[in-house]
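J.: Predicted model and sequence below, questions to follow.
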Amino acid sequence: RTPRIPGATRRWLALGASYQYTPALRFDLSYAHLFVGDSSTNDTALPGHDLAGTNESDVDLFGGQVVWSF
């Protein structure tokens, strides 16, 4: 495994909500958390440049939008 894509098992938890303020205006919000399993790296692609270790990652995603219909 290389350090460019260190993640192992991934599990997503996501939720979202919408609020219709008027018939022409809506607000949307979303949140997602990505649970990434720990993994190990052992990259020996370049002679004399070994990279070994463990990777631990967490990801939080937030989103929002305003929808105006006309």
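T.: Everything's here; your move. Numbers count the residues shown, from 1 in each chain.
J.: quick one: low-confidence ranges for the chain?
T.: 1-7 (pLDDT under 70).
J.: any idea which residue sits dead centre in it?
T.: Most central in the chain under C-alpha atoms, centre = their mean is Val59, positioned 4.4 Å from the mean C-alpha point.
J.: ok, that residue to Asp28 distance?
T.: In this view, Val59 and Asp28 are 20 Å apart by C-beta to C-beta, to the nearest Å. Placement of C-beta: from N, CA and C, glycine included.
J.: ditto for Leu46
T.: In this view, Leu46 and Asp28 are 46 Å apart by C-beta to C-beta.
J.: Of those two, which one has the most company?
T.: Neighbours were counted for Leu46 and for Asp28 using other C-beta atoms under 10 Å; Asp28 has more, 13 against 8.
J.: So in terms of bridging, what pairs with the more buried one?
T.: Ser18, Gln65 (DSSP bridges).
J.: Now for it: which residues touch it?
T.: By C-beta atoms under 8 Å, 6 or more residues apart in numbering, the contact list for Asp28 reads 16-19, 63-67.
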